[in-house]
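Whatever this is, show me its structure:
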Amino acid sequence: MSEATLSTPDTALLGPIQQLLEMGGPVMLVLLALSVVGLVTFFYLMITGALFAPRFSRELKQTVAGWRQQPGRQWPAKLSEPAGWFAATNPLRPMLRDSMSACLDGQDATSLREDLARRAQKALQPFEAPLKIIEVIAALAPLLGLLGTVMGMMDAFGAMAAAEGRASASQLSGGIYEALITTAAGLVLAIPFAAVAAWVEFRLRRINARMNDALVQIISAPAVDAGLPPVRVQQAADGHAPESHYSKPRVAHAAG
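Next up is the predicted model:
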């Protein structure tokens, strides 16, 4: 097999990249590096989100519904039973179990709300850094493309000035074409990453809202097991209702 045949696959792979680098200059190299970082971050975010993001599964929905109808020790015990590996990676499962047990044990409402807010924020915290990286790439890519265009235009007009105005139109248009490559590359990189960042932020906010709803349903239900009476809100002397022992938790927003 000849040497030319052996080098053909490498040439086919490196040819377009080398051409882009030659046309776009050092700015194009930065844009290519950002694209690699963005793709790695995106796949990491998808895999991590699929495995470790809070999920309101059918089992958890049935457990919360049963708790609301008749709170009791059987519901946190059900969530304490051994589960599959995929279910065990769901951080919402131990949060619901511990909140049910805390309600049955009569834990202080303020400390329970603070603990749930801290744990909810911690459950979504691993996704904030990848989201921020994608947002930064979406914001920097068009600016870097514009920088490359400005630098390319400066080189084109510098060559024209060196030729004392005798540069042909084809030479000038070719330099401008090469300069605009970086702007196009920056926009091509920024548009999909901006869409991904908006979608991920929407998903995080939706997950946060569903966690809030599930925890509120648990805490607002009266604990009737172990001799604990249902919670009754009595009117104070000034006509305002005091805070219930099982008031709604404040769960911090996930992104931004």
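
quick one: the one helix or strand Ala77 maps to to chain centroid distance?
Using DSSP states H and E, Ala77 falls within helix 74-80. Helix 74-80 has its C-alpha centroid displaced from the chain centroid by 31 Å (C-alpha atoms, centre = their mean, to the nearest Å).

Please list the residues outside that helix that contact it.
Leu60, Thr63, Gly66, Trp67, Arg93, Pro94, Leu96, Arg97, Asp98, Met100, Ser101, Leu104 (C-beta atoms under 8 Å, 6 or more residues apart in numbering). C-beta coordinates here come from the backbone N, C-alpha and C atoms, glycine included.

buried ones in that helix?
The neighbour-count check on helix 74-80 (16 or more other C-beta atoms under 10 Å) flags Trp75, Pro76, Leu79 as buried.

In JSON lines, list those residues along with pLDDT and distance to Gly152.
Formatted as JSON lines, those follow (pLDDT from 0 to 100; distance: C-beta to C-beta, whole Å):
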{"residue": "Trp75", "pLDDT": "89", "distance to Gly152": "66"}
{"residue": "Pro76", "pLDDT": "90", "distance to Gly152": "65"}
{"residue": "Leu79", "pLDDT": "87", "distance to Gly152": "61"}
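
Between these, which sits nearest Ala109?
Pro76 (17.9 Å; C-beta to C-beta).

Against Thr89, how distant is Ser57?
As for Ser57, its distance to Thr89 is 11 Å (criterion: C-beta to C-beta, to the nearest Å).

Please disregard the earlier target; I meant Phe56.
From Phe56 over to Thr89 the distance is 14 Å, taken as C-beta to C-beta.

Okay, helices next: where are they in the stretch 101-250 of the chain?
For the stretch 101-250 of the chain, applying DSSP state H, counting those that start in this stretch gives helices covering 109-124, 128-162, 169-220.

Which strands or helices does the first one pack on?
The elements that helix 109-124 packs onto, with contact taken as 3 or more C-beta pairs under 8 Å, 6 or more residues apart in numbering; DSSP states H and E, are helix 92-104, helix 169-220.

pLDDT (mean, whole number) over the longest one?
What it means is helix 169-220. The average pLDDT within helix 169-220 is 86.

Now find how far off-centre it is within its chain.
Mean-position distance between helix 169-220 and its chain equals 11 Å (C-alpha atoms, centre = their mean).

Give me the neighbour count for the closest residue to Phe56 other than its chain neighbours.
Closest residue to Phe56 apart from its sequence neighbours, by C-beta to C-beta, 6 or more residues apart in numbering: Arg210 at 5.2 Å. When counting by other C-beta atoms under 10 Å, one arrives at 14 neighbours for Arg210.

likewise the one 4 residues further on?
The burial metric for Ala214, expressed as a neighbour count using other C-beta under 10 Å, is 21.

That one against Leu60, yeah?
Yes - counting by C-beta atoms under 8 Å, Leu60 is a contact partner of Ala214 at 7.2 Å.

Now do the shared contacts for those two.
Leu92, Leu96.

before we move on, what SS does Leu32 have?
Following DSSP: H, G, I helix; E, B strand; the rest coil, Leu32 is assigned to helix.

Use 670 as the first number for this chain going forward.
Let's use 670 as the start, then, which means that last one is Leu701.

thinking again about what came up before, which one of the helices and strands packed on helix 778-793 lies nearest to Trp754?
Minimum separation from Trp754 across the helices and strands packed on helix 778-793 (C-beta to C-beta) falls at helix 761-773, 12.4 Å.

and the closest one, which residues are buried?
Leu761, Arg762, Met764, Leu765, Arg766, Asp767, Ser768, Met769, Ser770, Ala771, Cys772, Leu773.

quick revisit: out of the helices of the stretch 770-919 of the chain, which comes closest to Met692?
helix 838-889 (4.7 Å).

what's the angle from that closest one to helix 761-773?
Interaxial angle, helix 838-889 versus helix 761-773 (axes from the mean of the first three to the mean of the last three C-alpha atoms, to 10 degrees): 30 degrees.
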